[in-house]
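Participant: dropping the sequence and predicted coords here.
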Amino acid sequence: MAWNNRRRSYSGQDYTSKPTINSGMLRHRITLQDYASSNDSMGAEVKSWNNFAEVWASIEPLSGKELFKAQQLHAETTTRIIIRYLNGVNTKMQVVFKDREYDILHVLNKEERNTAMYLLCKYRDKKAEV
């Protein structure tokens, strides 16, 4: 494949090929966790978070117009996390980044092309839960 400067793409590619995510913006390592419950030997429910996937992400606090649009979906949305498309991500999961935990409020498949996912999240303050 030869480089074509006019279109800035490899020749042989057309406009129907999938767009890629700029890998430089995915600089945060996050863990997606899935909620699971099971019964112990006495029959009591045991709740736990199991690691679903560890991926690279971009974590962006929302502000101004973006926050207004996001809060039309969910009033508590404060953060947008962008990851590469990953099948199975849903709103029952949580995101862990360093010592912070985020509840996933909404999952958007960017342009329905299975290349990027936008997770609209809310920061969960561990101190407030105690």
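Facilitator: Great, that's in hand.
Participant: my read: residue 123 touches residue 99, true?
Facilitator: No: applying CB atoms under 8 Å, one finds residue 123 not in contact with residue 99, separated by 11.5 Å. All C-beta spots, glycine's among them, are computed from the backbone N, C-alpha and C.
Participant: return the distance of stretch 94-112 from the chain's centre.
Facilitator: Offset of stretch 94-112 from its chain centre (CA atoms, centre = their mean, to the nearest Å): 4 Å.
Participant: in that stretch, what's buried?
Facilitator: 94-95, 97, 101-105 (16 or more other CB atoms under 10 Å).
Participant: what's the closest of those to residue 53?
Facilitator: residue 95 (10.5 Å; CB to CB).
Participant: ok, and the closest non-adjacent residue to that closest one?
Facilitator: residue 102 (4.3 Å; CB to CB, 6 or more residues apart in numbering).
Participant: so what does the one you found look like in phi/psi?
Facilitator: phi -130, psi 130 (degrees, to the nearest 10).
Participant: tell me what it is bridged to.
Facilitator: residue 95, residue 123 (DSSP bridges).
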